[in-house]
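*Asks:* fold the following.
(chains A and B)
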There are 2 protein chains.
Amino acid sequence: MITFLSGGTGTPKLLLGVRTLIPDEEIAVVVNTAEDLWISGNHLSPDVDTVIYLFSGILNTETWWGMRDDTFVTHSEAERLGTDEFIAIGDRDRAVHIARADFLRGGMTLTEATSCLCRAFGVRARVLPMCDSGVTTIVKTPDGWKHFQEYWVRLRGRVEIDGVARRADSPPVLTKEAHDAIRESDAVVIGPSNPVTSILPILECEGARESLRGLPVIAVSPFIGDRPVSGPASALMKAAGYEPGSYGTFLLYKDLIDLFVQDIRDPSVVTGAIRLDTLMTDVEKSVSLAREILTRIPGLETSFKAE
Amino acid sequence: MITFLSGGTGTPKLLLGVRTLIPDEEIAVVVNTAEDLWISGNHLSPDVDTVIYLFSGILNTETWWGMRDDTFVTHSEAERLGTDEFIAIGDRDRAVHIARADFLRGGMTLTEATSCLCRAFGVRARVLPMCDSGVTTIVKTPDGWKHFQEYWVRLRGRVEIDGVARRADSPPVLTKEAHDAIRESDAVVIGPSNPVTSILPILECEGARESLRGLPVIAVSPFIGDRPVSGPASALMKAAGYEPGSYGTFLLYKDLIDLFVQDIRDPSVVTGAIRLDTLMTDVEKSVSLAREILTRIPGLETSFKAE
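*Replies:* All right, here's what the predicted structure looks like:
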């Protein structure tokens, strides 16, 4: 088994390739939940949903969130009625938020609720929220601290930010399920997701860094130069006081990893890094990058699916 | 102006006729809210919604709840995912629940939230929840006390009930807006709604009975014999310890009303009642009954809309 640490876009793109090479049952994904929020009465877990939909084959891979061919009847009407639903929630997608919220209201943990959703969607990979308590990435804008989704979706990332923090009632703890998946794995891949908003929230969970000890860990940089392949990683790195780019990313992970992957085009130099084409502009490129990464995991080649 | 006391089916049927005769601006409806509930994270006010949709011209008049031609994408998917959404909520209908819940979460009263919804739906009648605090009709089933909607929708009214009660954190009080509408009215019509679950909750609000004093009040029986024209009024009357039928209904209202209307077919005899065809099987019958009732209001005939 291989465990991936994932946010909502870069790592799912890689997983699209990975699942053509190894069976879903041999994939675990520990997912960032620091962008979760209660919206319109129910619970949105953006990165978890993206990963569930990916493994269910229904992900909208134009946007990398939501379901393919979803409709927006409720969202349009709710907006017309004056509801501040600043994230466009599709009608089928909303059912997932409702189900998750109902499961949580009924006393389930987020891990249990996610497991129920995975079963309903026929997902055979292990999709594991990083923690079962609430933790939220907030960013400091000229108008004060905002939920990351407020900054990135409502404000479209168009305001300056000069601070990043996590808000939580209690210190987040890596779930037992995520810990066990990692410990059962042949290797862990830190996917090319936003270090500050996707990967660090996972690594900050109590027990997360320790769980990786002794395992082969490969990290993939989400940057080419100081620009992320997608999303606001640069602004977030700066706001968090890190240098945007592969080297800054490497510094955040260096005591955990055995291998660092950066793009063939990346002008940054990280000594010892291997160079691969990380620009996953189509499925073939995802498969190709996935194959390159997986072949570097000791003893794994033989379990590749027949092509 | 005329104020109607309304539940979710019989009185709206009458209103369908009334609004062909007098302008919506001259109609106020004080609506039962004792069937309201929070479901799937948002706020359902079944009778209020029916009245809003009626005046907006979008009511599904096959079922007398929900919007015409609504879709059920989210509901179907939520059920498939294991959510216990025992009321079929349409996609546009759900937007109303979300908007109302968001308004309430934002600190509005139910009256204010309803007013915003009315504005968005172009409703010019005054649609007034009876009270702004929570009150719920519960019924005693063999499995214990249940929300009325659990009994009527989930269990389809198929279990015996032998008790009816209202549950509230604080005694419900007629809103100022409802009080003012009644006091500005030429007459009040207690529509042919379920006495126990629709009309009594309104009359039980502090200030409601007093507000009717001195005004012409006309009540329309929802019964023909011991059978209600629609819904579970008989079972509820029995469970509440009243005699199902027009006479039992009359006894509940007698100290408030000037005129009691019962159906031409009704075998019960209520001395002094007038007999009209109350079986509103189509719009024409609604108009005809409405005209008969309105002509009995002193001084109102002259303001009928031109036909």
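*Asks:* can you check which helix is longest in chain A?
*Replies:* Identified as the longest helix of chain A according to DSSP state H is helix A:91-105.
*Asks:* residues contacting whichever residue of chain A sits closest to chain B?
*Replies:* Going by CB to the nearest CB, chain B is nearest to residue A:41 of chain A, at 2.8 Å. The C-beta positions use only the backbone N, C-alpha and C, and glycine is treated the same way. Neighbour list for residue A:41: A:101, B:40-42, B:98, B:101-102 [criterion: CB atoms under 8 Å, 6 or more residues apart in numbering or on different chains].
*Asks:* please repeat the previous calculation with a cut-off of 7 Å.
*Replies:* Residue A:41 is in contact with B:41-42, B:98, B:101, counting by CB atoms under 7 Å, 6 or more residues apart in numbering or on different chains.
*Asks:* quick one: the helices in chain A?
*Replies:* Ranges of helices in chain A, per DSSP H, are A:10-18, A:46-56, A:73-80, A:91-105, A:110-120, A:148-149, A:176-183, A:200-204, A:208-212, A:233-239, A:246-253, A:283-294.
*Asks:* with mean neighbour count, mean pLDDT and distance to residue B:197 as added columns, please give those helices in JSON lines.
*Replies:* JSON lines is the format used below for the helices of chain A (neighbours: other CB atoms under 10 Å in any protein chain shown; pLDDT from 0 to 100; distance: least, CB to CB, whole Å):
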{"stretch": "helix A:10-18", "mean neighbour count": "25", "mean pLDDT": "97", "distance to residue B:197": "50"}
{"stretch": "helix A:46-56", "mean neighbour count": "25", "mean pLDDT": "98", "distance to residue B:197": "40"}
{"stretch": "helix A:73-80", "mean neighbour count": "21", "mean pLDDT": "98", "distance to residue B:197": "28"}
{"stretch": "helix A:91-105", "mean neighbour count": "24", "mean pLDDT": "98", "distance to residue B:197": "26"}
{"stretch": "helix A:110-120", "mean neighbour count": "20", "mean pLDDT": "98", "distance to residue B:197": "35"}
{"stretch": "helix A:148-149", "mean neighbour count": "22", "mean pLDDT": "94", "distance to residue B:197": "42"}
{"stretch": "helix A:176-183", "mean neighbour count": "19", "mean pLDDT": "98", "distance to residue B:197": "46"}
{"stretch": "helix A:200-204", "mean neighbour count": "23", "mean pLDDT": "98", "distance to residue B:197": "49"}
{"stretch": "helix A:208-212", "mean neighbour count": "18", "mean pLDDT": "98", "distance to residue B:197": "54"}
{"stretch": "helix A:233-239", "mean neighbour count": "23", "mean pLDDT": "94", "distance to residue B:197": "54"}
{"stretch": "helix A:246-253", "mean neighbour count": "22", "mean pLDDT": "97", "distance to residue B:197": "61"}
{"stretch": "helix A:283-294", "mean neighbour count": "18", "mean pLDDT": "97", "distance to residue B:197": "57"}
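*Asks:* can you redo those as CSV with distance to residue A:160?
*Replies:* Shown next, in CSV, are the helices of chain A (distance: least, CB to CB, whole Å):
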stretch, distance to residue A:160
helix A:10-18, 24
helix A:46-56, 23
helix A:73-80, 27
helix A:91-105, 31
helix A:110-120, 32
helix A:148-149, 15
helix A:176-183, 34
helix A:200-204, 21
helix A:208-212, 30
helix A:233-239, 8
helix A:246-253, 19
helix A:283-294, 33
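*Asks:* and these: which comes nearest residue A:136?
*Replies:* Closest approach to residue A:136 among those is made by helix A:148-149 (7.4 Å; CB to CB).
*Asks:* what's that closest one packed up against?
*Replies:* On a contact count with 3 or more CB pairs under 7 Å, 6 or more residues apart in numbering or on different chains; DSSP states H and E, helix A:148-149 meets strand A:135-141.
*Asks:* which helices and strands does the strand it packs on pack with?
*Replies:* Counting contacts by 3+ CB pairs under 7 Å, 6+ apart, strand A:135-141 packs against strand A:144-147, helix A:148-149, strand A:164-168.
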